[in-house]
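Engineer: with the sequence up front, the predicted model follows.
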Amino acid sequence: MKEQWGKLTDDDLDQIAGKRDQLEGKIQERYGIERDRARRDIDDWYGHQTWH
């Protein structure tokens, strides 16, 4: 996750704790993008992961 969204801090990741809505909110906050855009970015990122 930190490779994709380098602006997220370790504290952010601890607060998110695997909760997608929290991740969307933090990405929206850190990158100044709309929540729908954050959601699409997460979907794209998740789709490219080999561990799921």
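Structural biologist: Happy to help now that I have it.
Engineer: let me know the pLDDT of Trp5.
Structural biologist: The per-residue pLDDT reported for Trp5 equals 92.
Engineer: ok, now which ones touch it?
Structural biologist: Counting by CB atoms under 8 Å, 6 or more residues apart in numbering, Trp5 makes contact with Ile27, Arg30, Tyr31. Any C-beta I mention is one placed from the backbone N, CA and C, and that applies to glycine too.
Engineer: which PyMOL command selects the buried ones in these?
Structural biologist: The buried residues among the contacts of Trp5 can be selected in PyMOL (16 or more other CB atoms under 10 Å) with this line:
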select buried, resi 27
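Engineer: any weak-confidence spans in the chain?
Structural biologist: Applying pLDDT under 70 to the chain picks out residues 52.
Engineer: just the strands in it please.
Structural biologist: Counting by DSSP state E, the chain has no strands to list.
Engineer: spatially central residue (nearest the centroid) of it, please.
Structural biologist: The residue lying closest to the centre of the chain (CA atoms, centre = their mean) is Leu23, at 4.4 Å.
Engineer: how about it: what's its closest non-neighbour residue?
Structural biologist: Ile16 (5.0 Å; CB to CB, 6 or more residues apart in numbering).
Engineer: can you check Lys2 too?
Structural biologist: Counting by CB to CB, 6+ apart, the nearest residue to Lys2 once its immediate chain neighbours are dropped is Leu8, at 6.4 Å.
Engineer: next, count neighbours for that neighbour.
Structural biologist: As a burial measure, Leu8 scores 19 neighbours (other CB atoms under 10 Å).
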